[in-house]
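> build the 3D model from these lines:
(chains A and B)
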Protein chains: 2
Amino acid sequence: MTNYKLTIAYDGSNFHGFQRQPDQRTVQGILEKVLSKMTKGKHVEVLGSGRTDAGVHAFGQVVSFQYPGNIPADSMLKAVNSLLPLDVITKKSEIVADDFHARFGVKKKTYSYRVDCGHYTDPFKRFYTGHYPYSLDVHKIEDAIVDLIGEHDFTSFAASGGVIENKVRTIYDANVKYLEDSNELVFEFTGNGFLYNMVRILVATLLEIGNGRRPVHDFQRLFEVKDRQEARGTAPASGLYLKEVFY
Amino acid sequence: MTNYKLTIAYDGSNFHGFQRQPDQRTVQGILEKVLSKMTKGKHVEVLGSGRTDAGVHAFGQVVSFQYPGNIPADSMLKAVNSLLPLDVITKKSEIVADDFHARFGVKKKTYSYRVDCGHYTDPFKRFYTGHYPYSLDVHKIEDAIVDLIGEHDFTSFAASGGVIENKVRTIYDANVKYLEDSNELVFEFTGNGFLYNMVRILVATLLEIGNGRRPVHDFQRLFEVKDRQEARGTAPASGLYLKEVFY
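Here you go, the predicted model:
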């Protein structure tokens, strides 16, 4: 058995998320089907760095798996890509130590989130951005977003349904850029872990701040109240990208 | 009756082209359905500046129609957009003279064509670019593309099936840009008219020139031979955008 680590990108629009589900088209399900073709029917379990929801994209999701055989990393990349559908692609392939585990080994992750600020829904962006056609003060968002950096209890920013008890996470970097050419805000968050829907709830809250419907320095209060009802919105899946996973 | 001119954009991926066809989802068909809702069932014929094929996109297609009623141009825009699906949008609405005709009035059109030069098919570009993962000398393409400017017989660049006899067209501008950030070539062609598949055949020929499989200054010969077999390839629909129509 050889342990492979693949860095993959996918357009999440037509996937029911990353995680294998019976009778649903998922990224994990498709990768396992591809690998089982290569092994002539032997099941290979694919481990992901974490799930992504339906409609969420990835530039740099990481998976690992034990493969019954020893083929060069580059041949693995070519073989897998030749069998994958066009909305998912392997960008990098490495042979790694036997104890490498795509989920347990994660040190940091970077997510980005694109918001189209145009007046109307852009036909070319409908699957690839969130959309916020209301007035926004980018400086307010810039002032607010730095309050996220550090170790905080993100209970107010976790969708119900999660089973994780400890909701303390550390954000190493959080920033926002306004791109004039495309009239988009691009958020980026790097942290040691993210709770269910956390990035999408943070973005929705930051947009409320930018719109003036919430005080600029509201995050400290939201960390303290630990109440999901206080951070109501969730930005749509279409704007979210798993950008990079660090080990 | 009031004559309206709308400038529309659409993602062509899920359309069977512009032109109305029975039992197919087309841009013209959807616009006429929307307008007939607004008139409570009265058919409104939508005229387009020209057809686009299945998978071809538009940033600035122009349509016109005689509407039984006189509502302000801006209200027309809002009403139409509120009824259109998300992959087509009205960007501009004008009330025009009764003799304005979206097709007969065309003076010039600009098409652009995006080619992804990346090694692998990018999941995010598969519906929005052509793909040419082979070596390209952009200088050769730049040298070749200026040969298109002027009045020429484009018989070698017209797909069979067209019914138009006169295949002489004038190209006012033709240029190519390499975008380093996205690793894309973007072609742009402005002319007084384009034959069926002409832009896509021109792009395929220019890519062959860039790849060194065809002499740089081959266009003059191709104009003279008037033989579609000499310009074999057709770049895929996914990279083509109707950018602007001039009246």
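> I figured residue A:243 hits residue A:186, correct?
No. Residue A:243 lies out of contact with residue A:186 (CB atoms under 8 Å); the separation is 10.4 Å. For the C-beta atoms, the positions are set from N, CA and C on the backbone; glycine is no exception.
> domain assignment for chain A?
A:2-96, A:108-246 (automatic domain parsing).
> in CSV, list these along with distance to residue B:31.
Converted to CSV, the domains of chain A look like this (distance: least, CB to CB, whole Å):
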stretch, distance to residue B:31
domain A:2-96, 25
domain A:108-246, 14
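> let's have these in a markdown table, adding distance to residue B:97 and mean neighbour count.
A markdown table is the format used below for those (distance: least, CB to CB, whole Å; neighbours: other CB atoms under 10 Å in any protein chain shown):
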| stretch | distance to residue B:97 | mean neighbour count |
| --- | --- | --- |
| domain A:2-96 | 42 | 18 |
| domain A:108-246 | 27 | 18 |
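> can you list the ones you listed in CSV and add mean pLDDT and distance to residue B:80?
Output for these, formatted as CSV (pLDDT from 0 to 100; distance: least, CB to CB, whole Å):
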stretch, mean pLDDT, distance to residue B:80
domain A:2-96, 97, 25
domain A:108-246, 95, 11
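> what sits closest to residue A:199 if chain neighbours are left out?
residue A:111 (4.7 Å; CB to CB, 6 or more residues apart in numbering or on different chains).
> quickly find the element holding the one you found.
Secondary structure assignment for residue A:111, by DSSP states H and E: strand A:108-116.
> pull the distance from that strand to the chain's centre.
7 Å (CA atoms, centre = their mean, to the nearest Å).
> can you dump the C-alpha atoms of that strand in PDB for me?
What follows is strand A:108-116, C-alpha atoms only, in PDB (Å, rounded to 0.1, in the frame of the first residue of the first chain):
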ATOM      1  CA  LYS A 108      -4.500  25.600   9.100                       C
ATOM      2  CA  LYS A 109      -7.100  26.200   6.400                       C
ATOM      3  CA  THR A 110      -7.800  29.200   4.300                       C
ATOM      4  CA  TYR A 111     -11.200  30.000   2.900                       C
ATOM      5  CA  SER A 112     -12.100  32.800   0.600                       C
ATOM      6  CA  TYR A 113     -15.500  34.200  -0.100                       C
ATOM      7  CA  ARG A 114     -16.500  36.300  -3.200                       C
ATOM      8  CA  VAL A 115     -19.400  38.800  -3.000                       C
ATOM      9  CA  ASP A 116     -20.700  40.400  -6.100                       C
END
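> and chain A, which residues reach chain B?
Residues of chain A lying near chain B by CB under 8 Å from any CB of the partner chain: A:9-11, A:57, A:81, A:86-89, A:91, A:120-124, A:126, A:128.
> ok, now which residue in chain A is the farthest from the centroid?
Within chain A, residue A:40 marks the point farthest from the mean C-alpha position, 31.9 Å out by CA atoms, centre = their mean.
> distance check, it against residue A:69.
11 Å (CB to CB, to the nearest Å).
> for chain A, what spans make up the helices?
For chain A, the helices defined by DSSP state H cover A:27-38, A:73-83, A:138-145, A:198-210, A:219-225.
> for the residue nearest to residue A:2 when sequence neighbours are not counted, give its distance to residue A:4.
Excluding the flanking residues, the one nearest residue A:2 by CB to CB, 6+ apart is residue A:70, at 4.7 Å. For residue A:70, the distance to residue A:4 equals 10 Å [CB to CB].
> cool, and residue A:142?
Taking CB to CB, one finds residue A:142 at 41 Å from residue A:4.
> now do the contacts for residue A:128.
The neighbours of residue A:128, taking CB atoms under 8 Å, 6 or more residues apart in numbering or on different chains as the test, are A:57, A:114, A:238, A:239, B:124.
> for the residues you listed, which one is nearest residue B:23?
residue A:238 (29.5 Å; CB to CB).
> which residues touch that closest one?
A:13, A:55, A:126, A:127, A:128, A:129, A:130.
> the fourth one against residue A:55, yeah?
Yes. Using CB under 8 Å, residue A:127 is in contact with residue A:55, at 7.4 Å.
> now list whatever residues contact both of the two.
Joint contacts of residue A:127 and residue A:55 (CB under 8 Å, 6+ apart) are A:13, A:238.
> so where do the strands sit in chain A?
Taking DSSP state E as the criterion, chain A contains strands spanning A:2-10, A:47-48, A:57-67, A:88-96, A:108-116, A:130-131, A:150-153, A:168-179, A:184-191, A:240-246.
> right, and these - which one's nearest residue B:138?
strand A:88-96 (24.3 Å).
> how near is residue A:182 to chain B?
12 Å (CB to the nearest CB, to the nearest Å).
> actually, residue A:24.
18 Å.
> could you dump the strands of chain A to a markdown table with distance to residue B:34?
Formatted as a markdown table, the strands of chain A follow (distance: least, CB to CB, whole Å):
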| stretch | distance to residue B:34 |
| --- | --- |
| strand A:2-10 | 34 |
| strand A:47-48 | 42 |
| strand A:57-67 | 30 |
| strand A:88-96 | 35 |
| strand A:108-116 | 23 |
| strand A:130-131 | 21 |
| strand A:150-153 | 48 |
| strand A:168-179 | 32 |
| strand A:184-191 | 28 |
| strand A:240-246 | 31 |
